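Colleague: Predicted structure and sequence below. I'll ask about it afterward.
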Amino acid sequence: MASHLDPQQHPGVFLRHLFDTAVARAQPLLNMPGLLPKPPRGRTWVVGAGKAAGAMALALEQLWPQDAPLQGLVVTRYQHTPLRPPGQVPRIEIVEAAHPVPDQAGMDAATRMLSLVQGLTADDLVICLVSGGGSALLTLPATGLNLADKQRINSELLACGAPIGEMNTVRKHLSRIKGGRLAAACFPAQVLTLTISDVPGDDPAVIASGPTVADDSTCEQALVLLDRYGIGISAEVRLALETGALETPKPNDPVWAAHQVLMMATPMQSLQAAADAARAAGLNAYVLSDEVEGESREVAKVHAALARSAARGHGPFQKPCVILSGGETTVTLRPQLAGTPKGKGGRAGEFCLGLAMALQSQPGVWAIAADTDGIDGVEDNAGALVTPDSLQRCEHLSLKPAAFADRNDSYRLFEALGDLVVSGPTHTNVNDFRAILVL
């Protein structure tokens, strides 16, 4: 869509254009050139996991010298494997597994990856392709745990509102492949990790629970978090955490001697691309941060206050403008009330529902919030749109936004309004994207 699209005439379409621009900036094929090393004297193996892993693998196949050996295995989310371009010879196997709650397919893929990297030499190279979602997709329970245990723990972590860094501290210490353990299995081969960030701060040790990155967190910290959020573990696993038997490889471990981590794409790059598109359309553009965390509905209240101030000609933002932010908010699920349907929707929809209520039908303000992987939680939408008349349309349809909010049911509200944003899988993932248009 052309950057000269008039936001005054088509505000909703323009906001979708900004989202598409942000997603396009994070595509693997755009960002991988220039990051790849020369083929090694030995073999080149490819492993990896994440929502962008399939697209990253196809980009690597296209860019790697055709006369140089290349083989391996990556795992991505179901229905997130892009089509190979016509004539491109398959060299990397792409399998699919469940996200956000792991399944047997992810466990099988993790087992195979560890097997692939056994017996390598210093002449061999392992290229690890890592993106958000890899924590669930690359599942190999620690001793004393089985898949059902990991599924339960993962579901409880998702429901309790824990920040992603805390979630991954727990995941790393309850895994045989995360928290640097995959890199340890590759030793003494050279390891190049190419990663797309979906976490606040772009810490590669947090992305997908850092399967090939040194881990600073500890068993003790993981145990504290499990207790804080009331997540039960067996006496055997508790003892293993207490004694440090499940400790991860630390930065001073010799396995990191021949290891390099390169960041392929970040949330800030995508936010800046959207800001450039907004300026090209004659708007002022302000990027708040790419590290926004907290409860989606509370974050929405802050954004609404800024937008209302700008709409009234106050504060630091001069209209017409776009206010952009990224990061990873959370949703703490509320207990399901008897006689009500189970809520549907992810953190982007929850943000939009909270924003619509907090804006109080402020004239001249539109907004979009969407997950850049194209999937908001586990639904089929990326997010939703908010318009100045969202609340009036709710009233016309006899919909009570507060009731939908009480049961975390943003999807059904915006579905009824016709304001879901549906993009399908985007084959990348730089986390939350939010844009508020003030005219």
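Modeller: Yep, it's here.

Colleague: Show me what the closest residue to Gly50 other than its chain neighbours bridges to in the sheet.
Modeller: With CB to CB, 6 or more residues apart in numbering as the criterion, Gly50 has its nearest non-adjacent residue at 3.0 Å, and that residue is Ser131. Yep, even glycine has a C-beta here, placed from its N, CA and C like the rest. Beta-bridge partners recorded for Ser131 (DSSP bridges): Ile196.

Colleague: In contact with Ser131, which residues?
Modeller: By CB atoms under 8 Å, 6 or more residues apart in numbering, the contact set of Ser131 is 48-53, 56, 195-196, 198, 207-208, 428-429.

Colleague: if you set the cut-off to 7 Å instead, what comes out?
Modeller: The contact partners of Ser131, by CB atoms under 7 Å, 6 or more residues apart in numbering, come to 50-53, 56, 195-196, 198, 208, 429.

Colleague: Drop anything exposed from those.
Modeller: 50-53, 56, 195-196, 198, 208, 429 (16 or more other CB atoms under 10 Å).

Colleague: Mark which of these are part of strands, please.
Modeller: Within the buried ones among the contacts of Ser131, residues falling in strands by DSSP state E are 195-196.

Colleague: Looking at the buried ones among the contacts of Ser131, which is nearest Leu36?
Modeller: Nearest to Leu36 out of those is Met56 (CB to CB; 11.5 Å).

Colleague: I'd like to know how far Val422 sits from Glu379.
Modeller: From Val422 across to Glu379, the span is 9 Å (CB to CB, to the nearest Å).

Colleague: burial of Leu288, as a residue count?
Modeller: Look at Leu288: counted by other CB atoms under 10 Å, it has 18 neighbours.

Colleague: Need the phi and psi values for it.
Modeller: Main-chain torsions, Leu288, degrees, to the nearest 10: phi -70, psi -50.

Colleague: from what I can see it touches Gly327, true?
Modeller: No. The pair Leu288 / Gly327 is not scored as a contact, 9.2 Å apart, by CB atoms under 7 Å.

Colleague: what about the helices in the stretch 51-200 of the chain?
Modeller: 53-63, 104-116, 134-137, 147-159, 164-173, 181-186 (DSSP state H, counting those that start in this stretch).

Colleague: who's in contact with Ile127?
Modeller: Contacts of Ile127 (CB under 7 Å, 6+ apart): 44, 46, 60, 192, 194.

Colleague: Just name the most buried of the helices of the stretch 51-200 of the chain.
Modeller: Mean neighbour count (mean count of other CB atoms under 10 Å) peaks for helix 134-137 among those, with a mean of 30.

Colleague: What are the contacting residues of that helix?
Modeller: For helix 134-137, the surrounding residues in contact (CB under 7 Å, 6+ apart) are 49-50, 75-77, 97-102, 106, 154, 168, 171, 178, 208-209, 211.

Colleague: for stretch 222-239, same thing?
Modeller: Taking CB under 7 Å, 6+ apart as the rule, stretch 222-239 contacts 144-145, 153, 156-157, 160, 162, 166, 169-170, 173, 241-242.

Colleague: one more time with 6 Å
Modeller: Stretch 222-239 is contacted from outside by 144, 153, 156, 160, 162, 166, 169-170, 173, 241, using CB atoms under 6 Å, 6 or more residues apart in numbering.

Colleague: Between these, which sits nearest Leu35?
Modeller: Distance to Leu35, by CB to CB, is smallest for Thr169 among those, at 28.1 Å.

Colleague: Could you pull up phi and psi at the nearest residue to Thr143 once chain neighbours are set aside?
Modeller: Leaving aside its chain neighbours, Thr143 sits nearest to Ala240 (7.1 Å; criterion: CB to CB, 6+ apart). Reported as degrees, to the nearest 10, the phi and psi values for Ala240 are phi -60, psi -40.

Colleague: Which pLDDT value belongs to Ala240?
Modeller: pLDDT recorded at Ala240 is 96.

Colleague: Please report how far it lies from Glu247.
Modeller: Using CB to CB, Ala240 is found at 9 Å from Glu247.

Colleague: Name whatever forms a beta bridge with the nearest residue to Pro37 once chain neighbours are set aside.
Modeller: With CB to CB, 6+ apart as the criterion, Pro37 has its nearest non-adjacent residue at 6.2 Å, and that residue is Leu192. Beta-bridge partners recorded for Leu192 (DSSP bridges): Ile127, Gln260.

Colleague: how far away is Leu192 from Thr330?
Modeller: From Leu192 over to Thr330 (counting by CB to CB), the distance is 32 Å.
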